[in-house]
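Colleague: take this sequence and fold it.
(4 chains)
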Protein chains: 2
Amino acid sequence: MTTRDPRATGLARLAGLFADETRAACLLALLDGRAWTASELARHAGVAASTLSEHLSRLVAGGLLAEERQGRHRYVRLADARIAQLVEDLAAQVAPGTAVRPRSLRESSAGSAMARGRTCYDHLAGRLGIAVTDALTARGLLQQETGFALTDTGVAWFASAGIGLERRGRRPLARACLDWTERRPHLAGVAGAALCRHALDAGWCVRIGSERAVKVTAAGEQAFFDLLGVETAALL
Amino acid sequence: MTTRDPRATGLARLAGLFADETRAACLLALLDGRAWTASELARHAGVAASTLSEHLSRLVAGGLLAEERQGRHRYVRLADARIAQLVEDLAAQVAPGTAVRPRSLRESSAGSAMARGRTCYDHLAGRLGIAVTDALTARGLLQQETGFALTDTGVAWFASAGIGLERRGRRPLARACLDWTERRPHLAGVAGAALCRHALDAGWCVRIGSERAVKVTAAGEQAFFDLLGVETAALL
DNA sequence: CGGACCGTTCGGCCGCCGCCGAAGTGTCCC
DNA sequence: GGGACACTTCGGCGGCGGCCGAACGGTCCG
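Modeller: Numbering: from 1, shown residues only, chains lettered A, B, ... in the order given. Below you'll find the model as predicted:
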């Protein structure tokens, strides 16, 4: 028996964590960046609580999830932005033919709300995210010609809008995230997260229900138009 | 029985292709960007030809590999640059603690040659790739401050060096690829591929044996120094 | 034509893993 | 204290999937 390449072993082990429909459903759900309880995820995935408990333990042990125990609850969330990006990257590869078809009126409207605007871990996605990214690009604040980066005027724009861009760790300031509904890149990274956070803090957007979908408020409609010329009302 | 989210199903199926040590070893080997025969991969992975045949069929069916039959040979390679990127991304997540420890003198020298310079699908990696990326950045040809993109002078530099940058499809001009030995970003994307191709065509580098490792020639040493100020002799 | 070689198909074996329900532990709240 | 609740552990079941060797089909070459 030959000794095997440890990198292959590690890769297989990591991929194995994703290679189960129930765990995959959990990871996708957790892409909203929030912390879920074990029972919420069990209901979401449609399996027994005992089954899900074991899945969570594996995901935590594998470093994909961080957990936080509070009383009788076990909250889990994606471990960090790098893990979130990995989930996004994998999910983006899948999408090409895999459109999500709604199965009920309620899901249908929830689905179209998701397609209109949502968060993707910590930044804006959906048509809203893309519209913002396009607007930034059209105004010369972001450039995608020779890579993907904020321009000097782009950095100044964030400052003037009062949106702080604090670099922490090695996370890139701007990064492209491929949207799984639109198949187009949108702004992620520190700048994407800061913009999303500001939009929520300033009341430009509010979360719909407890899901990932977000809705643009009247104030947000004004702000997006004034600052970027984005007609959010035309997004649907 | 409830109907499941098709995205979770697809994600699990995709990840399942990576979630086997033998298939993972194949994918990592194929990161050299070349086409391998089934028996070469079987020997590399240490399994029977029959076993590997089935693995290849699954990988091809899953869209990860492209195959080309020639006579009695079955050549396979990674399907495209996006797949290569996905393999890189997953492998990069694994690396943190997983250093590849050499098991023999031959592997040891091959390993250090790999760490010194190699190709990563279609661009330069290893310490050579990082040195080139750092030099481009230090000279203001590439900027990583607000994202990852070539600067205007960077685009001009490629032109003046006679390295064509033909955009084709949606592949980004410049993209960061995280090196699994050095844990630092290096240039990938169209520019990275063009630079690597030029280095091989112009004889700056030659492949060592039939593996991914590359060696800088005397002419290359001169060229890298003249064009970028990189002291390739100091790489080890 | 015959032998060497590459790859594939098939049957069978074995182990892993996802699933559940039942029972147990700990927490919260009345 | 007692009951409801969130989660975990355990045993057992069933299926999937990776592995091999043997037999077979195709291709190349002498």
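Colleague: spatially, what comes nearest to residue A:81 if we skip its sequence neighbours?
Modeller: The shortest distance from residue A:81 to any non-neighbouring residue, by CB to CB, 6 or more residues apart in numbering or on different chains, is to residue A:171 (6.0 Å). (Each C-beta comes from the backbone N, C-alpha and C, glycine too.)
Colleague: residues in contact with residue A:26?
Modeller: Neighbouring residues of residue A:26 by CB atoms under 8 Å, 6 or more residues apart in numbering or on different chains: A:36, A:41, A:44-45, A:52, A:55-56, A:59.
Colleague: and the residues you listed as a markdown table, adding distance to residue B:14 and secondary structure?
Modeller: Shown next, in a markdown table, are the contacts of residue A:26 (distance: CB to CB, whole Å; DSSP: H, G, I helix; E, B strand; the rest coil):
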| residue | distance to residue B:14 | secondary structure |
| --- | --- | --- |
| A:36 | 23 | strand |
| A:41 | 21 | helix |
| A:44 | 20 | helix |
| A:45 | 18 | helix |
| A:52 | 22 | helix |
| A:55 | 18 | helix |
| A:56 | 22 | helix |
| A:59 | 17 | helix |
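Colleague: do you know how far residue A:75 is from DNA strand D?
Modeller: Here the criterion is CB to the nearest atom of the strand, to the nearest Å. By it, residue A:75 lies 7 Å from DNA strand D.
Colleague: residue A:181 now?
Modeller: Distance from residue A:181 to DNA strand D, counting by CB to the nearest atom of the strand: 28 Å.
Colleague: neighbours around the closest residue to that residue other than its chain neighbours, how many?
Modeller: Using CB to CB, 6+ apart and skipping the chain neighbours, the partner closest in space to residue A:181 is residue A:115 (5.0 Å). Counted by other CB atoms under 10 Å in any protein chain shown, the residues lying close to residue A:115 total 19.
Colleague: how about residue A:228?
Modeller: For residue A:228, the tally of surrounding residues (other CB under 10 Å) stands at 20.
Colleague: ok, and the closest non-adjacent residue to it?
Modeller: Nearest non-adjacent residue to residue A:228 (CB to CB, 6+ apart): residue A:135, at 4.1 Å.
Colleague: is the residue nearest to residue A:81 located within a helix, as I assumed?
Modeller: No - under DSSP: H, G, I helix; E, B strand; the rest coil, residue A:171 falls outside any helix and is assigned coil.
Colleague: if you tally nearby residues, what's the number for it?
Modeller: By the criterion of other CB under 10 Å, residue A:171 has 15 neighbours.
Colleague: any idea how far residue B:185 is from it?
Modeller: 12 Å (CB to CB, to the nearest Å).
Colleague: got it, and residue A:39?
Modeller: From residue A:39 to residue B:185 the distance is 40 Å (CB to CB).
Colleague: more neighbours: these two, which one.
Modeller: Taking other CB under 10 Å, residue A:39 and residue B:185 do not tie; residue B:185 has more neighbours (21 against 13).
Colleague: still on that earlier bit, from the contacts of residue A:26, which are also near chain B?
Modeller: Applying CB under 8 Å from any CB of the partner chain to the contacts of residue A:26, one finds that nothing falls near chain B.
Colleague: and the residues you listed, which two are the farthest apart?
Modeller: Using CB to CB, those span at most 14.2 Å, a distance reached by A:44 and A:59.
Colleague: which of the two has more neighbours?
Modeller: Taking other CB under 10 Å, residue A:44 and residue A:59 do not tie; residue A:59 has more neighbours (23 against 17).
Colleague: and for the residue of chain A found nearest DNA strand C, the neighbour number?
Modeller: Per CB to the nearest atom of the strand, residue A:71 is where chain A lies closest to DNA strand C, at 2.5 Å. When neighbours are defined as other CB under 10 Å, residue A:71 has 5 of them.
Colleague: near DNA strand C, which residues of chain A?
Modeller: A:16, A:19-22, A:46-48, A:50-51, A:54-55, A:58, A:70-72 (CB under 7 Å from any atom of the strand).
Colleague: helices of chain A, start to end?
Modeller: Using DSSP state H, the helices of chain A run over residues A:6-18, A:21-29, A:38-45, A:49-61, A:81-94, A:105-116, A:126-138, A:152-160, A:189-201, A:218-228.
Colleague: worst average pLDDT in those?
Modeller: The weakest mean pLDDT among the helices of chain A belongs to helix A:105-116, with a mean of 68.
Colleague: which residues are in contact with residue A:143?
Modeller: A:137, A:149-151, A:154, B:149.
Colleague: drop anything exposed from these.
Modeller: Buried by 16 or more other CB atoms under 10 Å in any protein chain shown: A:137, A:149-151, A:154, B:149, out of the contacts of residue A:143.
Colleague: redo those as CSV? Include distance to residue B:166.
Modeller: As requested, the buried ones among the contacts of residue A:143 are exported to CSV (distance: CB to CB, whole Å):
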residue, distance to residue B:166
A:137, 22
A:149, 21
A:150, 26
A:151, 24
A:154, 27
B:149, 17
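Colleague: just to revisit the earlier point, tell me how far the residue nearest to residue A:228 lies from residue A:187.
Modeller: Separation of residue A:135 from residue A:187 (CB to CB): 10 Å.
Colleague: these two: which is more packed in?
Modeller: The residue with more neighbours, out of residue A:135 and residue A:187, is residue A:187; 28 against 18, by other CB under 10 Å.
Colleague: need the buried ones from the contacts of residue A:26 selected in ChimeraX.
Modeller: Command for ChimeraX, covering only those of those found buried under the criterion 16+ other CB under 10 Å:
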select /A:36,41,44,45,52,55,56,59
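Colleague: and the closest residue to residue A:177 other than its chain neighbours, what does it touch?
Modeller: Spatially, and ignoring its direct neighbours in sequence, residue A:177 is nearest to residue A:188 (3.7 Å; CB to CB, 6+ apart). Residue A:188 makes contact with A:85, A:120-121, A:123, A:174-177, according to CB under 8 Å, 6+ apart.
Colleague: beta partners for the residue nearest to the spatial centre of chain A?
Modeller: Taking CA atoms, centre = their mean, the centroid of chain A lies closest to residue A:120, which sits 1.6 Å from it. On the basis of DSSP bridges, residue A:120 is bridged to residue A:123.
Colleague: which residues touch it?
Modeller: Contacts of residue A:120 (CB under 8 Å, 6+ apart): A:31, A:84, A:88, A:129, A:177, A:179, A:186, A:188, A:212.
Colleague: tell me the spacing between residue A:95 and residue B:6.
Modeller: Distance of residue A:95 to residue B:6, given as CB to CB: 10 Å.
Colleague: also residue A:200?
Modeller: For residue A:200, the distance to residue B:6 (CB to CB) stands at 29 Å.
Colleague: repeat that for residue A:180.
Modeller: Distance of residue A:180 to residue B:6, computed by CB to CB: 12 Å.
Colleague: ok, residue A:6 next?
Modeller: As judged by CB to CB, residue A:6 and residue B:6 stand 34 Å apart.
Colleague: ends of stretch A:34-51, how far apart?
Modeller: This stretch, stretch A:34-51, spans 22 Å end to end (CA to CA, to the nearest Å).
Colleague: chain center to that stretch, what's the gap?
Modeller: Taking CA atoms, centre = their mean, to the nearest Å, one finds stretch A:34-51 lying 20 Å from the centre of the chain it belongs to.
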